[in-house]
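Q: Output the structure for:
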Amino acid sequence: MDMHKLTDCYTLNNGIKIPCVGFGTWQAEEGDIAKASVKTALAAGYRHIDTAAAYGNEESVGLGIRESGIPREELFITTKLWNPVRGYNETMEAFHISRRKLGLEYLDLYLIHWPNPVYFRDHWQKANADSWRAMEKLVNDGYIRAIGVSNFLPHHLEALGQTANVPPAVNQIRLCPGDVPAGNVEYCRSHSILLEAYSPFGTGRIFNIPEMAVLAAKYGKSVAQICIRFSLQMGFLPLPKSVTPERIVDNTKIFDFELTKEDMDQILSLDGIVGHAKDPDTTNF
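A: Numbers count the residues shown, from 1 in each chain. Below is the predicted model of the structure:
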């Protein structure tokens, strides 16, 4: 699907529209920094904001949203269930805490942040199933428009599918030049699960890769713009993060050029240049 502006949308598997680029807020510090970055992003044209309970900045993100003056129905807001919390009642409570911190009546997307937290390692399947049941109820009650997951691998998605009545709408995973896990990408595509790309710059490591600098020079663009464009042409939904106003604006200027197939293939061949995503089954959190 061809995207021409920030407000062009993918359609999720439940029919909900989601703007094709989101503004990421991981490591945007609670307080003025997070609030200002959200306001800058919204002023620059973003309408999709991604946060999480674990980021510790939901209140500031919410303030930025409110102070922007943009009507709620024009925005798409995501947050996530953090690892120490699983279970039906616990998930209900955690969701409403996040919602109140954000100062919102409803959320557009709510995700299970990691599939196999260290706290539930011997029964993660049941832990996720219980939380998912709560999330389905929150959808039915009008508090969430879509639900999904983050950092899930195919076997985690298969396990969730054993009990889920509503399939995940998205899987938000680390996707950037050098880290495009073909098996997981193919699985999600074949199950109509949209892939959201967090850390589209490989947490900054991509800026040290000579091949990317050559491509940036060829197109007269920044390395960051090349990365975001690559993500969109792959059919992913990139979530670039910055707290620098100039970069927040620059990261929106990605619709006036297109990478050739040869350059896309070259980027895809750079496997491992920025390391790979953490293994969710062995993380210590």
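Q: alpha carbons only for contacts and neighbour counts from here, please
A: OK.
Q: Look up how far Ala134 lies from Ile273.
A: 39 Å (Cα to Cα, to the nearest Å).
Q: Neighbour count: these two, which is higher?
A: Ala134 (21 against 16; other Cα atoms under 10 Å).
Q: which residues touch the closest residue to that one other than its chain neighbours?
A: Closest residue to Ala134 in three dimensions, ignoring its sequence neighbours and counting by Cα to Cα, 6 or more residues apart in numbering: Tyr88, at 5.0 Å. Residues near Tyr88 by Cα atoms under 8 Å, 6 or more residues apart in numbering: Asp130, Ser131, Trp132, Arg133, Ala134.
Q: Secondary structure element holding the second one?
A: Pointing back at Ser131 there. Secondary structure assigned from DSSP states H and E places Ser131 in helix 124-140.
Q: which ones are touching the nearest residue to Leu75 once chain neighbours are set aside?
A: In this structure, Leu75 finds its nearest non-sequential neighbour in Arg47, 4.9 Å apart by Cα to Cα, 6+ apart. For Arg47, the contact set (Cα under 8 Å, 6+ apart) comprises Leu6, Thr7, Pro19, Gly22, Glu74, Leu75, Phe76.
Q: do Ile33 as well
A: The contact partners of Ile33, by Cα under 8 Å, 6+ apart, come to Val243.
Q: go on, the one 3 residues further on?
A: With contacts taken as Cα under 8 Å, 6+ apart, Ala36 has the following neighbours: Gly64, Val243.
Q: That one and Val166: what is the separation?
A: Distance, Ala36 to Val166, by Cα to Cα: 36 Å.
Q: Which secondary structure state does Ala197 sit in?
A: At Ala197 the chain is in strand, as set by DSSP: H, G, I helix; E, B strand; the rest coil.
Q: Can you name the residues bridging to it?
A: Taking DSSP bridges as the rule, Ala197 bridges to Ile173, Pro238.
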